[in-house]
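1. my questions concern the predicted model and sequence given below.
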Amino acid sequence: MGFYLMRTTNLYAPTLREAPAGADIPSHKLMIRAGMIRKAAGGLYTYLPLAWRTIRKIEQIIREEMDAAGGQEFMMPIIQPAELWQESGRWERFGAEMLKVKDRHGREFCFGPTHEEMITDVVRNELRSYKQLPCMLYQIQDKFRDEIRPRFGLMRSREFIMKDLYSFDKDDAGADISYQKMYDAYTNIFTRCGFNFRPVEADSGAIGGNHTHEFTVLAENGESDIAYCESCDYAANAEKAELSPIVADKEDMLPLEKVSTPGTNTIDLLCDFMNVSQEKTIKAVAFQNEKDEVVLAFVRGDHDVNDVKLQNAVGALDLRMADDDSIRAAGGEPGFMGPIGINKGTYVVVDSTVMNMFNAVTGANEKDVHYKNVNPSRDFSDEGIIVTDIRLIKEGDPCPHCGKPVKMTRGIEVGQVFKLGTKYSEALHATFLDENGKEKPLVMGCYGIGVGRTMAAAIEQHNDKDGIIWPRAIAPFEVVVVPVNAKVPEQLELAEQIYDGLKVKGVDVLLDDRKERAGVKFKDADLIGYPLRIIVGPKAINNDDIEIKIRKSGEMIHLGKDECIKRVQELLKTL
RNA sequence: CGGGGCAUAGCUCAGUUUGGUAGAGCACCUGGUUUGGGACCAGGGGGUCGCAGGUUCGAAUCCUGUUGCUCCGACCA
C-alpha cells in the first residue's frame, strides 16, 4: 500500500523488567519500564518516542481547544532578561527556584519559570487600543524551576513542558468572559484526555491574582489534598477551603486560673492529665516568617493550622516552623504556649473558632503550666491579635456552600486558571486607550497546563499490575498488531495486511514484527498499554480466527479478517 | 535547607562486619534447540567498585573529605 510501516523493530522503546530503584509511584515506574522516559539528572528527563507521541497527542488536544476558544499560538524565548523580573519585583521574590545565568557580557538572565513578565513586555508597546481586545496568546514551552525536591518522575520535574495562555481584556467583565472560556476549554481538554477530574477552588500563591481554579485529577498519589462535597458541586484545595467558625454551647465564664501540668507538652498528654477533651483545649503552633519574626497561631486542640491561610493572614512571603530560642525570645515557652503574656509586637493569629470557646485550656508561657477557664472573648486582648479563619479543613467539616459534611481525597493538579487582574500590567505599564481615549491597564488572566504531568496523571489513573492502560485519545499508538510468530511468512503478511487496512482508515497502528516469542510481545503490549491488540497466529491463518484483546477489560474478541478493520474502528470509539 | 538511606556490569542487587585474584540474575553478542503469556543449552563481551586524598606490603572493604542519587518535612504545573 506504500505506507511506511511503523514497526516495533524500528521503534526505540527499551522496556525493562524491573524499575530502577528510586521510582516509587506507578506512573514513574511504568514510564521507565515501558521505555518512555529516561532520566538525565535530578528532575531532568528525556522523552523517548513513545512518550513523545503521547505528549504530542495531549498538546494537539490542547491546541484544538485553545484555538476554539480564540487563542493564538506563539512562542517566547525560554531565557529571559533579568530587567523584566526586576521591574515586576519577582527577581528576588521568586527566590532560589529561579535558575539565574549570566551571558558572556555578564548580563543577567533566568531560565523562564513562567512567562507573565515576558508576555506583558511583548504586548505593552503594541496592544494599545480597546479595539484590539480581547486578545489571547498561548505557547507550549519548556519551563525550568529549580525545585527544592524534584520527585515522582514527570510529576515534579525541574524542566517541564507547559502550555500557558495569557488573556488581555479591557475590563473585569471582559476578563470574566475570558476566564470562563478557558475554564470551559480546560473542562473539554481533560474530558477528552479521559480523566476523572474536578475543577477546585485554590489559593493564588506567589503568582498573584485574586480568583483561581485548579484542575485536579483524582488519584491516590496526588500531592494536593482536595475537599469536595457530594451534595453540591463544591470542591476546593484543602489549603484554600474556607471554614466558618464553630459555635460552642454557651457556658458561664469561670475565673481564669493557672494550673501545674508537668510534662504535658502535647495536646494528647495535656488532655489525659487534665481529663478534658481536645475540643476544650487551644493548640499553639509557632512559625517564623522570612524576616525571622515569630508568628504564633492558635487553633482548637483537635484542629490543624492551615499554613497558607496563616501566611495570607500575616502577609508573610514564607513561613517555617519556629525554633525554640525564637519562641522564648517572643515570650513563649515551647510546649506551653498561649496567647496570654506574649510579647507585644509578636504576630498572634487566633482561629475564629477559638474565639467562640468557653472555659478552655491553653498554655501559660511557663514551663509545666497551663491556664484553665480561658475565655478568649474575655481574656484575649483585642489589641494586636488577628482573628480569622486559619484552620485546615478535614473530612466531615461542613461544606462552605451547603453545610453538608465534606469528603477528602488526593489529587494531581494538572492545570490552573487565574484571573490576574492588573498586577503585571500595572507593574510593567502595559496600558491601552479605552473608548474615551483614557489610558487603562490591561486586565490579564493566565492559564497553565502541565503537559508532562498530564501524561503522568493519566498513568496514575489508568494502570494495573501488568502496566499502563491508555485512554485511546492519548495512547502512543491506538492499536498494536502482533503476529504470534513473525518468522512465519503467512502470519507476518496477514498482520501487514491488517496494519495497512487500519492505516488507510486513519487508525494509529503499530506492527510488532519482532522475532520474539509471543509471551515477550504480549508482556510488552500490556506494559506499554495499547488500548487494542490484534493477534495474528496460526488460528488466523488456518481458521480465519483473528483475536482482538481489549487492554482495559481484558476481553478477547474472535472474528474473521473481513470484519476486523471495521470492528476495531468501532471499538476504538468506546475507549 | 534540616533529618535518614544508598552509590559495585545497561537494570536489580550480593560481596564491606573480619582488607588478600570483582560476583549472581536479568539484559546484550554467537551457535543450537524452541516458539500463544517475559524459553533452554553452550560459549562470549562488558565494571579505573561515584570522585579525591589517607592508612597498609596490599583497599570495593578501614579513615577523612567531596559529589551525586534517594526517602521523610516546608514550595509548586
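-> Thanks, I have it. Numbers count the residues shown, from 1 in each chain, chains lettered A, B, ... in the order given.
2. so where's chain A uncertain?
-> Where chain A drops to pLDDT under 70, the residues are A:1-4, A:203-210, A:382-383.
3. break it into its domains for me.
-> What automatic domain parsing lists as the domains of chain A is A:56-209+A:417-459, A:257-388, A:477-573.
4. okay if I get the ones you listed as JSON lines plus distance to residue A:11 and mean neighbour count?
-> Where C-beta positions appear, they are placed from N, C-alpha and C, glycine not excepted. Converted to JSON lines, those look like this (distance: least, CB to CB, whole Å; neighbours: other CB atoms under 10 Å):
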{"stretch": "domain A:56-209+A:417-459", "distance to residue A:11": "15", "mean neighbour count": "19"}
{"stretch": "domain A:257-388", "distance to residue A:11": "45", "mean neighbour count": "18"}
{"stretch": "domain A:477-573", "distance to residue A:11": "7", "mean neighbour count": "18"}
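5. possible to save the ones you listed as a markdown table with distance to residue A:28?
-> Putting the domains of chain A into a markdown table (distance: least, CB to CB, whole Å) gives the following:
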| stretch | distance to residue A:28 |
| --- | --- |
| domain A:56-209+A:417-459 | 3 |
| domain A:257-388 | 27 |
| domain A:477-573 | 14 |
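6. nearest to residue A:32, out of these?
-> Of all the domains of chain A, it is domain A:56-209+A:417-459 that lies closest to residue A:32, at 7.5 Å by CB to CB.
7. how about the closest one and RNA strand B, any contact?
-> Yes - using CB under 7 Å from any atom of the strand, domain A:56-209+A:417-459 comes into contact with RNA strand B via A:97, A:145, A:147-152, A:154, A:156-158, A:160, A:162, A:205-207, A:448-450, A:452-453.
8. likewise stretch A:275-286?
-> No - Stretch A:275-286 lies out of reach of RNA strand B by CB under 7 Å from any atom of the strand, never closer than 11.3 Å.
9. which other residues reach that stretch?
-> With contact meaning CB atoms under 8 Å, 6 or more residues apart in numbering, stretch A:275-286 is reached by A:248, A:267, A:270-271, A:274, A:294-303, A:305, A:321-322, A:326-327, A:330, A:332, A:334, A:337-339, A:354, A:357, A:359-363, A:374, A:376.
10. using CSV, write out every CA atom in it.
-> The C-alpha atoms that make up stretch A:275-286 are tabulated as CSV, following Å, rounded to 0.1, in the frame of the first residue of the first chain:
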residue,chain,number,x,y,z
ASN,A,275,-9.1,14.9,81.8
VAL,A,276,-10.6,17.2,79.2
SER,A,277,-11.5,16.6,75.5
GLN,A,278,-9.4,18.1,72.7
GLU,A,279,-12.3,20.4,71.9
LYS,A,280,-11.7,22.2,75.2
THR,A,281,-8.1,23.0,74.5
ILE,A,282,-6.3,25.6,72.4
LYS,A,283,-3.3,24.4,70.5
ALA,A,284,-0.4,26.8,69.7
VAL,A,285,1.8,26.4,66.6
ALA,A,286,4.8,28.7,66.2
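11. chain center to it, what's the gap?
-> 33 Å (CA atoms, centre = their mean, to the nearest Å).
12. ok, back up a step: looking at the domains of chain A, which is closest to residue A:399?
-> domain A:56-209+A:417-459 (12.0 Å).
13. how far away is residue A:442 from residue A:431?
-> Taking CB to CB, to the nearest Å as the measure, residue A:442 falls 7 Å from residue A:431.
14. list residues touching both of the two?
-> Common contacts of residue A:442 and residue A:431 (CB under 8 Å, 6+ apart): residue A:425.
15. ok so, going back, so of the contacts of stretch A:275-286, which ones are in helices?
-> A:267, A:270-271, A:274, A:326-327, A:354, A:376 (DSSP state H).
16. now do the same contact list for residue A:332.
-> A:284, A:286, A:294, A:296, A:342, A:363, A:365.
17. torsion angles phi and psi at it?
-> In terms of degrees, to the nearest 10, the main-chain angles of residue A:332 are phi -100, psi 170.
18. measure it to residue A:499 for me?
-> 73 Å.
19. tell me the one of the ones in helices among the contacts of stretch A:275-286 nearest residue A:316?
-> For those, the nearest to residue A:316 is residue A:326 (14.3 Å; CB to CB).
20. so the residue nearest to that closest one when sequence neighbours are not counted bridges to which residues?
-> Distances taken as CB to CB, 6 or more residues apart in numbering place residue A:294 nearest to residue A:326, at 5.3 Å, with adjacent residues excluded. Beta-bridge pairing of residue A:294 under DSSP bridges involves residue A:288.
21. return the distance of residue A:491 relative to RNA strand B.
-> 9 Å (CB to the nearest atom of the strand, to the nearest Å).
22. show the contacting residues for that residue.
-> Counting by CB under 8 Å, 6+ apart, residue A:491 has contacts A:483-485, A:536-538, A:540-541.
23. give me that answer again for 6 Å
-> A:483, A:485, A:536 (CB atoms under 6 Å, 6 or more residues apart in numbering).
24. no more questions from me, cheers.
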